[in-house]
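K.L.:
My questions are about this predicted structure, shown below with the sequence.
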Amino acid sequence: LDLFVAGTETTDATFKYICLIMAEYPHAQQKVYEEILQVVGTARHPTLADRQNMPYTEAAVYEVMRFRTLVPIGVVHFTSADIKFHGYDIPKGTMFYSNVYEAHNNKEYWGDPEVYRPERWLSANGKECVRHEPWLPMSTGKRICMGVQLSKDELFLFTSGVIQSLTIGLVPGQPPPNDYPKLGGTTAGPHPHQLVFTVRD
């Protein structure tokens, strides 16, 4: 159950969100497409070897995972010893959770967490995707999701592969979808919505 449900539900919901956010932020989608053209072109499919030369695409994916947190509370942990933390005495065996939603929406760290801005992940020269410590979509510590690398690989390949071939857009004449996470179940995925996928020339 853990391997097959947890390993597919979260990646599926994240990719739905990537498609939705790309439709809502066409300027970001266009930047991803331009990077794909520059690095990969159209004669072949993107590969994992391309990722090191595609920092904006990777940043766009990471920013979706921050901007719309699928798992707002991390998995349970227990203290292994009596500790003192910020003036509080916490005994051994105390159960605690990491507040992933707060980490992803902390104004003191991110400045404008309510804004989808992939550029916040880029290095000063724009050539690297920089990891941020409060980014915890797959938990943290020794109990971090064991599929973290597989999921990151899948999302990079899915995103770059789809945008290389298709333009993702909103349905004309319909109100914008509600992109705020739908609570309930294991993940807080997107509400049901429709998008338009158009084959690129």
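P.N.:
On my side now, so go ahead.
K.L.:
Point out where the chain drops to low pLDDT.
P.N.:
1-7, 139, 141-147, 184-186 (pLDDT under 70).
K.L.:
tell me, what residue is most central in it?
P.N.:
Met65 (2.0 Å; C-alpha atoms, centre = their mean).
K.L.:
Identify the residues contacting Ile36.
P.N.:
46, 54, 57, 160, 163-164 (C-beta atoms under 8 Å, 6 or more residues apart in numbering). Placement of C-beta: from N, CA and C, glycine included.
K.L.:
What about those residues, which are in helices?
P.N.:
57, 160, 163-164 (DSSP state H).
K.L.:
hmm, which of those residues are the buried ones?
P.N.:
Buried members of the ones in helices among the contacts of Ile36, counted by 16 or more other C-beta atoms under 10 Å: 57, 160, 163-164.
K.L.:
which non-adjacent residue is nearest Lys31?
P.N.:
Tyr56 (5.5 Å; C-beta to C-beta, 6 or more residues apart in numbering).
K.L.:
My read is that that neighbour contacts Arg117, right?
P.N.:
No - contact criterion C-beta atoms under 8 Å: Tyr56 and Arg117 do not qualify, at 11.7 Å.
K.L.:
In which helix or strand does Ile168 reside?
P.N.:
strand 166-170 (DSSP states H and E).
K.L.:
How about residues contacting the helix or strand following that strand?
P.N.:
Sequence order places strand 195-199 as the next helix or strand after strand 166-170, per DSSP H and E. Strand 195-199 is contacted by residues 19-20, 23, 162, 165-172 when judged by C-beta under 8 Å, 6+ apart.
K.L.:
and which of those is nearest Pro134?
P.N.:
Leu20 (23.2 Å; C-beta to C-beta).
K.L.:
Mind jotting down where the helices sit in this protein?
P.N.:
Using DSSP H, helices in the chain cover 7-24, 26-39, 55-67, 100-104, 107-110, 148-165.
K.L.:
rewinding a little: for the residue nearest to the centre of the chain, give its distance to Asp201.
P.N.:
31 Å (C-beta to C-beta, to the nearest Å).
K.L.:
Lys107 too?
P.N.:
For Lys107 relative to Asp201 (C-beta to C-beta), the value is 42 Å.
K.L.:
same question, Arg44
P.N.:
Following C-beta to C-beta, the distance that separates Arg44 from Asp201 is 18 Å.
K.L.:
Out of these two, name the residue with the larger neighbour count.
P.N.:
Just comparing Arg44 and Asp201: by other C-beta atoms under 10 Å the higher neighbour count belongs to Arg44, 9 against 4.
K.L.:
No further queries at this time; thank you.
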